[in-house]
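**Q** need a 3D model of the following:
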Amino acid sequence: MEKKINHNEVMEVCLLAGKIMMQSGAETYRVEDTMRRIADALGNHPSHSYVTPTGIVFSIDGAGTKIIGIPARSTDLKKVTIVNSISRKISSGDLSVEEAYHALKQVETANLAYPVPVQIAAAALSSGCFLIMFLGGWHDFIPACIAGGLGFSGLIYFHRLVELKFFAEILASLIIGLVSFLFVITGIVHQLDKIIIASVMPLVPGLLITNAVRDLMAGHLVSGLAKGAEAFLTAFAIGAGVAVVLALY
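**A** This next block holds a predicted model:
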């Protein structure tokens, strides 16, 4: 005898998948498409969703409506890839509702990010590479790596210290400006502008800007404008931190 589908369980799976994807930096249209495909595969009933960067409203005809909040957002494309993989397994019938929910719960609680030292080293190296890309001299490569690494370290530390949004970005760019200016004062480097620009590149919300444009092109105007505003405020915070140093010195 075929087991009766529990629509509440299907909605929980869809909402959990959407929550993980939104928290990990996925585009709005991708989240809605994934939730719809999961609902179709598990329940074969029409579903409706309304996704914003801060919350998801989801309903299945005849089963009511549920809402889930998105308290925080970051960038973890590995989790987005795993959720997409789980979605494909659900669509192919390889996972039941219970198995899918358990797999998604494991993804939600998993820490798939690289260790902090690796992230800092990558930010430092990329800062030096951006310096060369912006036609800086090789003699400024190491100072740019140091400034970028210290700035990214400050970003991570201040994010953990204070949850106030954009506060960490301002202080991180302030550190980059101070370190870069100290390098110029001591005569180690001579291209202050290129070192600062290269060092703040790891802080720039590139994925957020890309997702905002893609959401606008896909017709998700609310999400696109919201993400665009967040990206603008982040960029403004980065510029404000650097501007404070330049104004003082």
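
**Q** the longest helix anywhere in the chain packs against which elements?
**A** Identified as the longest helix of the chain according to DSSP state H is helix 221-248. If you count contacts as 3 or more Cβ pairs under 8 Å, 6 or more residues apart in numbering; DSSP states H and E, helix 221-248 packs onto strand 47-52, helix 167-185, helix 192-200, helix 206-217. The way it works is simple: take the backbone N, C-alpha and C, and place the C-beta from them, glycine included.

**Q** can you pull the buried residues of that helix?
**A** Neighbour-count burial for helix 221-248, counted by 16 or more other Cβ atoms under 10 Å, picks out 223-224, 226-228, 230-231, 234-235, 237-238, 241-242, 245.

**Q** any chance of those residues in a markdown table, plus distance to residue 157 and pLDDT?
**A** Converted to a markdown table, the buried residues of helix 221-248 look like this (distance: Cβ to Cβ, whole Å; pLDDT from 0 to 100):
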| residue | distance to residue 157 | pLDDT |
| --- | --- | --- |
| 223 | 30 | 86 |
| 224 | 32 | 88 |
| 226 | 27 | 88 |
| 227 | 25 | 88 |
| 228 | 28 | 90 |
| 230 | 21 | 88 |
| 231 | 22 | 89 |
| 234 | 17 | 90 |
| 235 | 21 | 90 |
| 237 | 16 | 91 |
| 238 | 16 | 91 |
| 241 | 15 | 89 |
| 242 | 19 | 89 |
| 245 | 19 | 85 |
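
**Q** farthest-apart pair in those residues, please.
**A** The most widely separated members of the buried residues of helix 221-248, counting by Cβ to Cβ, are 223 and 245 (34.4 Å).

**Q** so who does the residue nearest in space to the middle of the chain touch?
**A** Centroid-nearest residue in the chain, with Cα atoms, centre = their mean: residue 75, separated by 2.6 Å. By Cβ atoms under 8 Å, 6 or more residues apart in numbering, the contact list for residue 75 reads 24-25, 207.

**Q** can you rerun that using 6 Å?
**A** 25, 207 (Cβ atoms under 6 Å, 6 or more residues apart in numbering).

**Q** for residue 205, see how far away it is.
**A** Distance of residue 75 to residue 205, given as Cβ to Cβ, to the nearest Å: 9 Å.
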